[in-house]
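Asker: predicted structure and sequence below. I'll ask about it afterward.
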Amino acid sequence: MLKLHDFCNRANISTVVNGFTSLAREVATIPHDPQMVEGWLNVAALRPATQRAWLGAAAAVARGL
């Protein structure tokens, strides 16, 4: 997993996303969330925006099945 911390600006994130678009069917971006730093992902403890982003990433995987 590629981690882009919250100090990255949108231009940096866009550059990374553009770099992966030719390699993957879809690219999902997940915002930085302090709850993800510890290693175990407790979905209930994530910020709502992060929860929605992970749901979108899971949906992208499911679309490829």
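Answerer: Thanks, I have the structure now.

Asker: what ranges do the helices span in this protein?
Answerer: 10-21, 48-63 (DSSP state H).

Asker: gap between the longest one and the chain center?
Answerer: By that I understand helix 48-63. 8 Å (CA atoms, centre = their mean, to the nearest Å).

Asker: can you flag the weakest of the helices of the chain by average pLDDT?
Answerer: Averaged per stretch, pLDDT over the helices of the chain is lowest on helix 10-21, reaching a mean of 84.

Asker: tell me what that helix is packed against?
Answerer: Here helix 10-21 touches no other helix or strand, going by 3 or more CB pairs under 8 Å, 6 or more residues apart in numbering; DSSP states H and E. (Glycine included, C-beta is placed from N, CA and C.)

Asker: then it to CSV, C-alphas only?
Answerer: Presented in CSV, the C-alpha positions along helix 10-21 are these (Å, rounded to 0.1, in the frame of the first residue of the first chain):
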residue,chain,number,x,y,z
ARG,A,10,-3.4,17.7,-4.2
ALA,A,11,-0.8,18.2,-6.9
ASN,A,12,1.4,15.6,-5.4
ILE,A,13,-1.4,13.1,-5.0
SER,A,14,-2.6,13.8,-8.5
THR,A,15,0.9,13.0,-9.8
VAL,A,16,1.0,9.7,-8.0
VAL,A,17,-2.5,8.8,-9.1
ASN,A,18,-1.6,9.6,-12.7
GLY,A,19,1.4,7.4,-12.4
PHE,A,20,-0.7,4.4,-11.5
THR,A,21,-3.5,4.9,-14.0
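
Asker: going forward, the N-terminal residue is numbered 526.
Answerer: Understood, numbering begins at 526; the last thing we discussed is helix 535-546.

Asker: what residues of that helix count as buried?
Answerer: Buried residues in helix 535-546, counted by 16 or more other CB atoms under 10 Å: none are found.

Asker: check the offset of that helix from the chain's centre.
Answerer: 12 Å.

Asker: got it, and stretch 564-578?
Answerer: 11 Å.

Asker: out of the helices of the chain, flag the one nearest residue 556.
Answerer: helix 573-588 (5.5 Å; CB to CB).

Asker: what's the closest one in contact with?
Answerer: 550-551, 553-556, 558, 560-561, 568, 571 (CB atoms under 8 Å, 6 or more residues apart in numbering).
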